[in-house]
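Trainee: Could you look at this predicted model? Sequence included:
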Amino acid sequence: MPAVVSKAATEKSVHLQDSDTQQPSTSAAAMVQLRSVTKTYAQGNSVLLDVNLYLKQGEFLFVTGSSGSGKSTLLKLLYGQEIPTQGEVIVDQCNLGVLRGDRLSLLRRRIGIVFQDYKLIPQRTVAENVIVVLQAQGYTRKEIQRRLEPTLKLVGLLKKADCFPDQLSGGEQQRVGIARAIVGTPPLILADEPTGNLDPDNSWQVMQIFQKLNSFGATVIVTTHDEQLVRRCNHRVIQVRNGQLHQI
Ligand SMILES: Nc1ncnc2c1ncn2[C@@H]1O[C@H](COP(=O)(O)OP(=O)(O)OP(=O)(O)O)[C@@H](O)[C@H]1O
């Protein structure tokens, strides 16, 4: 899907600072910034404590950490499902703290989200699962047709377009989930444990799709427990530990 995002946006290095380091001086546009972010859930300890993160457009980042360390929380802050207790979250030049209503919805359309548990509509075919996303975003029938085929091709599901989710393997279902996330060509893709339910072969297939999207210029953030997968891909990694982000 070459039209996904500008190739010119591709840039491989991730810039991450702990709270005591400075934002790098660079002219490349930031896609994601956390500025002194603390997140505390009601009656809980701080999951994130005064953390900073800086990601340029077109970068690829793995987020690792033990169960309950705060990986999903980090992603939820980036798509506005959670708001920080303190600090600022800036995505694609928009400060989520001041975005409301339609403006927040518009920003969310620029973020493709992939979940571990696929979140497919069981009564709809593969194609329909993808189409409903575009319909919800107000695309014309012509534009939907233009986008559907290359997206299914990219995730290797063109031949399964008329299948229902329960006729697919776990890996195929996850690739439908990815197709749903990317069919609107978002410049930012957030994937929360996308390979958590998959065997190594399927996990690798899924990772190759993310890497291809990244090569087209998309900024990609993937949370994972899979150390082998992280090692196999040559991308920067941060670990969430004790409320802090550690570059490893
Ligand atoms: N809505 C919520 N209300 C209260 N506590 C929450 C909420 N969501 C998450 N938490 C707590 O915040 C901590 C971090 O959760 P989070 O889901 O971000 O961790 P995680 O690293 O993604 O874990 P896992 O790898 O198991 O998915 C956990 O202790 C969790 O219980």
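Mentor: Looks like it came in fine. Numbers count the residues shown, from 1 in each chain.
Trainee: Give the buried residues for the helix or strand where residue 190 lies.
Mentor: Residue 190 is part of strand 188-192, with elements assigned from DSSP states H and E. For strand 188-192, a neighbour-count test (16 or more other C-beta atoms under 10 Å) marks 188, 189, 190, 191, 192 as buried. Placement of C-beta: from N, CA and C, glycine included.
Trainee: For that strand, C-alpha coordinates in CSV please.
Mentor: Output in CSV follows, covering the C-alpha atoms of strand 188-192 (Å, rounded to 0.1, in the frame of the first residue of the first chain):
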residue,chain,number,x,y,z
LEU,A,188,0.9,6.4,13.6
ILE,A,189,0.3,2.8,14.4
LEU,A,190,0.0,1.6,18.0
ALA,A,191,-0.1,-2.2,18.5
ASP,A,192,-0.7,-3.5,22.0
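Trainee: burial measure for residue 81, as a count.
Mentor: The number of residues packed near residue 81 is 12, by other C-beta atoms under 10 Å.
Trainee: now it, what's its secondary structure?
Mentor: The assignment at residue 81 comes out as coil when based on DSSP: H, G, I helix; E, B strand; the rest coil.
Trainee: got a list of what it touches?
Mentor: For residue 81, the contact set (C-beta atoms under 8 Å, 6 or more residues apart in numbering) is empty.
Trainee: count of residues packed around residue 40?
Mentor: By other C-beta under 10 Å, 15 other residues sit near residue 40.
Trainee: In contact with it, which residues?
Mentor: For residue 40, counting by C-beta under 8 Å, 6+ apart, the contacting residues are 46, 47, 85.
Trainee: Quick one: list the elements packing against the helix ranked longest in the chain.
Mentor: Criterion DSSP state H: the longest helix present in the chain is helix 200-215. The contact analysis (3 or more C-beta pairs under 8 Å, 6 or more residues apart in numbering; DSSP states H and E) places helix 200-215 against strand 60-64, helix 170-182, strand 188-192, strand 219-223, helix 227-232.
Trainee: Look up phi and psi at the residue lying farthest from the centre of the chain.
Mentor: Here the chain reaches farthest from its C-alpha mean at residue 43, the gap being 28.2 Å by C-alpha atoms, centre = their mean. Dihedral pair for residue 43: phi 60, psi 20, per degrees, to the nearest 10.
Trainee: Check what pLDDT it gets.
Mentor: The score at residue 43 is 80. That number is its pLDDT.
Trainee: Tell me how far it lies from residue 154.
Mentor: 43 Å (C-beta to C-beta, to the nearest Å).
Trainee: Now do the same contact list for residue 221.
Mentor: By C-beta under 8 Å, 6+ apart, the contact list for residue 221 reads 32, 55, 60, 61, 62, 63, 75, 78, 188, 189, 190, 191.
Trainee: so residue 240 makes contact with residue 68?
Mentor: No. Here residue 240 lies out of contact with residue 68, judged by C-beta atoms under 8 Å, at a distance of 9.7 Å.
Trainee: ok, then the element right after the helix or strand of the chain with the lowest mean pLDDT?
Mentor: Every helix and strand in the chain was compared by mean pLDDT, DSSP states H and E; the lowest is helix 101-109, with a mean of 87. Reading on from helix 101-109 to the C-terminus, the next helix or strand found by DSSP H and E is strand 111-115.
Trainee: between that next one and helix 200-215, how big is the angle?
Mentor: 170 degrees (axes from the mean of the first three to the mean of the last three C-alpha atoms, to 10 degrees).
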